[in-house]
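Colleague: sequence? don't have it. structure:
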């Protein structure tokens, strides 16, 4: 906030007192003057113009300020306009950054009669061109650096995943390009409406893609700009159809796994055997496995949820062998003096030796160490997703599977095969980590129904 010199404050206070403003309201009028000058400096508006006043009042309206306070703010600023034209105006006062801030006024439309100020209406941003058509001048080419920084900080405070940060940042950059870097304070739901319509009509994106863009902009407006998103009417929305996931048969799964090499063979087997997402499987650590109870614990899954699943008995020997490989790699790393594995959040700050402890080592470590230039350290990361996906594509081609297979297909197959074996839908929901059973119900369309529909009393079973 700008620091207003005491001399200017005293002169403006004296001036508004001469215009009949009660002394009890002087502080409010000084506040509005300070807010207006700070607004002009922050968003690079020329002071003393009707356009800067209109933009300031529009900002107040977006902030949901009551109409009565908006009128008071307009009256205070117009009084400041008139004061700045008076012989006693204070010139050359400086802001908090030390830069001179002029009080020059470009408009002579104000009257010093206090009664006239009450009847003044809000000045519209619309101007009329020579042909009589209305144009709305908007500030373009604005700097969005602070906006992206605030978006990152807001997401980090809520502990959202890095994938969410990358996705929302990507959509915000596309929105910035679409609006030609329009001043963020002047963005409204009409800009969002045009952007979403463009995605659906011109680019013909999928419904899920358009909904993702909508959610990103909703988060941006609500948590970064501090605006209520409001109802976006008339948006052309891509029609969303019910998605039936691809499911492999057990024979097809065995063919694909048979064409994989270690450690990718074990990774895909574990994804199918436990219904894991690719990120959940690759980020497993030694402490996630309880071989005594044959339980696998997944920490910080989608939505930051934890869950447990049974370890497939057919994989126990392979998993035990993999654990011995991890121990061997870890001992070699410790002898070489490496700095440890990457840990989540600030865990290493709390436990300084955790990065080098066996229990925190990746269960599927990368082959090479990663050099962190910032700290001049050698760190160990887990197997990268791209390497697994590339190996899987090759295996699917060799197996000659006539289906579109991704790493997530094995998770779909896990749920479908359990349902086909007549397991309860609620049990499958818990194993999958779904928040709502409706999400799990989609798998009822992937397998043949074996449910008995004939009504019968349990006493007759």
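Modeller: Arrived safely, thanks for sending. These figures come from a predicted structure and were not determined experimentally.

Colleague: Pull the contacting residues for residue 156.
Modeller: residue 165 (Cβ atoms under 8 Å, 6 or more residues apart in numbering). For glycine as for every other residue, the C-beta is placed from the backbone atoms N, C-alpha and C.

Colleague: My guess is residue 196 contacts residue 213. True?
Modeller: Yes. Residue 196 is within contact range of residue 213, at 6.5 Å (criterion: Cβ atoms under 8 Å).

Colleague: Now the stretch of helix or strand residue 366 belongs to: average pLDDT?
Modeller: Taking DSSP states H and E as the definition, residue 366 sits inside strand 365-372. Averaged over strand 365-372, pLDDT sits at 84.

Colleague: Which secondary structure elements does that strand sit against?
Modeller: Helices and strands touching strand 365-372, by 3 or more Cβ pairs under 8 Å, 6 or more residues apart in numbering; DSSP states H and E, are helix 316-336, strand 377-382.

Colleague: Could you save these as JSON lines and add columns showing mean neighbour count?
Modeller: Listed next are those as JSON lines, based on neighbours: other Cβ atoms under 10 Å:
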{"stretch": "helix 316-336", "mean neighbour count": "14"}
{"stretch": "strand 377-382", "mean neighbour count": "17"}
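
Colleague: Which of the ones you listed sits closest to residue 16?
Modeller: Between residue 16 and the helices and strands packed on strand 365-372, the shortest gap by Cβ to Cβ is with strand 377-382, which sits at 62.0 Å.

Colleague: partners of the closest one, with directions?
Modeller: Strand pairing for strand 377-382, using DSSP bridges, gives strand 340-341 (parallel), strand 365-372 (antiparallel).

Colleague: need the next SSE after it, C-terminal direction.
Modeller: Moving toward the C-terminus from strand 377-382, the next element (DSSP H and E) is helix 385-399.

Colleague: and that following helix, how far from the chain's centre?
Modeller: 30 Å (Cα atoms, centre = their mean, to the nearest Å).

Colleague: which parts of it are buried?
Modeller: 388, 391-392, 395-396, 399 (16 or more other Cβ atoms under 10 Å).

Colleague: How about stretch 37-46?
Modeller: Result for stretch 37-46 [16+ other Cβ under 10 Å]: buried residues 37-41, 43, 45.

Colleague: mean pLDDT lowest for which of the helices and strands packed on strand 365-372?
Modeller: Looking at the helices and strands packed on strand 365-372, the bottom one is strand 377-382 with a mean of 86.

Colleague: Between helix 316-336 and it, find me the angle.
Modeller: 170 degrees (axes from the mean of the first three to the mean of the last three Cα atoms, to 10 degrees).

Colleague: Renumber starting at 428 from here on
Modeller: Shifting the count to begin at 428 puts that one at strand 804-809.

Colleague: contacting residues around strand 804-809?
Modeller: When contacts are defined by Cβ under 8 Å, 6+ apart, strand 804-809 is touched by residues 709-710, 756, 760, 763, 765-769, 782, 788-793, 796-799.

Colleague: For residue 467, which non-adjacent residue is spatially closest?
Modeller: Leaving aside its sequence neighbours, residue 467 sits nearest to residue 474 (Cβ to Cβ, 6 or more residues apart in numbering; 4.9 Å).

Colleague: And for the one you found, the neighbour number?
Modeller: Per other Cβ atoms under 10 Å, the neighbour tally for residue 474 reads 21.
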